[in-house]
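Q: What shape does this take:
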Amino acid sequence: MHTRRELLQRGTRAALLFGTATILPWRALAASYDASANTFKTNGGQIVVHPVSHASFVMETPGMVIYNDPVGGGDAYSGYPAPDLILITHEHGDHYDVDTLTALVGDDTKLLTNPAVYDMLPEELKSKASAIANGESTTIGDIAIDAIPAYNTTEDRLQYHPRGRDNGYVLTIDGLRVYIAGDTEDIPEMRALKNIDVAFVPMNLPYTMDIEQAASAVGEFAPKHVYPYHYKGSDVEAFATLVAEGDSGSEVILGNWYG
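A: Numbering: from 1, shown residues only. Below is the predicted model of the structure:
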């Protein structure tokens, strides 16, 4: 295992889509942020990703606007188009907040959640929601959605995300495949994914996994682009270097999650 200093010294080959191809201190990275790195072409147009905070982001697609795990109050999303679809991965407060959902959900907004969150929803929100469990699939609009397991495997982390409760999601949008991992470790179901174009992968202890686990998983399922998210306290620069040292060809995008 490399130390942080060693990783930074070796970082000039890191594949960072952050307006630069070298590892820089975090403040320099933030200053050189390249918004075009968050735009991805599909067969029917483009997807634009807007990191909001921690595990929350907005994704504009050719057919709809998708919010993932929105928390922090409605005002945090005042600069974004209203959601057509809101995805909730699980019940923890940094992923599921009733007040935020109530502020954001409009007459035509759809909610998709794991079964545990669905059961918690107040009736007004539940009337706009549907539940999907691990291994199930659905289609909303023109977007195919698969529910991928999300859980802990390390003994002293099992209480955080038990197997079978929480969701990750794979969305197929005009031929482009997006993986939202939710809170998970480097589980076999993640490693077995194929043809992922954009992935959102968590890395913070003790709740999910460390950067070595995350980089190892990315090296195996080899998404074309990967966002580290849900990483508060983790060294994402070192993660990017570990990914670049592998042969997956994945490009790491460092979004402004904690600005």
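
Q: doesn't P202 make contact with G233?
A: No. Using Cβ atoms under 8 Å, G233 is not in contact with P202, being 11.8 Å away. Quick note: C-beta positions are derived from backbone N, CA and C, even for glycine.

Q: So if I had to pick from the two, which one is more boxed in?
A: More crowded of G233 and P202, by other Cβ atoms under 10 Å: P202, with 26 against 8.

Q: what's the nearest residue to the more buried one if we skip its chain neighbours?
A: Sequence neighbours aside, H230 is the residue nearest to P202 in space, at 3.6 Å (criterion: Cβ to Cβ, 6 or more residues apart in numbering).

Q: How about N134?
A: Nearest residue to N134 in three dimensions, chain neighbours excluded: P149, at 4.4 Å (Cβ to Cβ, 6+ apart).

Q: what's the helix or strand for the one you found?
A: Assigned by DSSP states H and E, P149 belongs to strand 143-150.

Q: just the strands in the stretch 101-250 of the chain please.
A: 110-113, 129-131, 137-140, 143-150, 166-173, 176-180, 198-202, 225-229 (DSSP state E, counting those that start in this stretch).

Q: List just the one of those strands that sits closest to D119.
A: Closest of the strands of the stretch 101-250 of the chain to D119 is strand 129-131, at 8.0 Å (criterion: Cβ to Cβ).

Q: distance between the closest one and the chain's centre?
A: Mean C-alpha position of strand 129-131 versus that of the full chain (Cα atoms, centre = their mean, to the nearest Å) differs by 20 Å.

Q: Would you list the strands that that strand pairs with, along with their directions?
A: With DSSP bridges as the test, strand 129-131 is paired with strand 110-113 (parallel).

Q: thinking again about what came up before, would you turn the strands of the stretch 101-250 of the chain into CSV with mean pLDDT and distance to E60?
A: Output for these, formatted as CSV (pLDDT from 0 to 100; distance: least, Cβ to Cβ, whole Å):
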stretch, mean pLDDT, distance to E60
strand 110-113, 98, 16
strand 129-131, 97, 22
strand 137-140, 98, 15
strand 143-150, 98, 13
strand 166-173, 98, 11
strand 176-180, 98, 12
strand 198-202, 98, 13
strand 225-229, 97, 15
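
Q: mind putting those strands in TSV, distance to G79 included?
A: Output for those, formatted as TSV (distance: least, Cβ to Cβ, whole Å):
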stretch	distance to G79
strand 110-113	22
strand 129-131	25
strand 137-140	24
strand 143-150	23
strand 166-173	22
strand 176-180	21
strand 198-202	20
strand 225-229	19
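
Q: can you pull the pLDDT of L24?
A: In the predicted model, L24 carries a pLDDT score of 31.

Q: Equivalent analysis for P70, please.
A: Here, the pLDDT recorded for P70 equals 98.

Q: let's have the chain start at 8 instead
A: With the count now opening at 8, the last piece we talked about shows up as P77.

Q: That one touches T107, doesn't it?
A: Yes. In this structure, P77 is within contact of T107 by Cβ under 8 Å, at 5.3 Å.

Q: joint contacts of those two?
A: Overlap of the contact sets of P77 and T107 (by Cβ atoms under 8 Å, 6 or more residues apart in numbering) consists of A83.

Q: the more surrounded of the two?
A: Taking other Cβ under 10 Å, P77 and T107 do not tie; P77 has more neighbours (28 against 21).

Q: The more buried one belongs to a helix, doesn't it?
A: No. Per DSSP: H, G, I helix; E, B strand; the rest coil, P77 lies outside any helix segment and is coil.

Q: what residues does stretch 204-211 touch?
A: Stretch 204-211 is contacted by residues 47, 54, 56, 62, 64, 75, 183-191, 215-218, 220-221, 224-225, 228, 230-241, 243, 246, 257 when judged by Cβ under 8 Å, 6+ apart.
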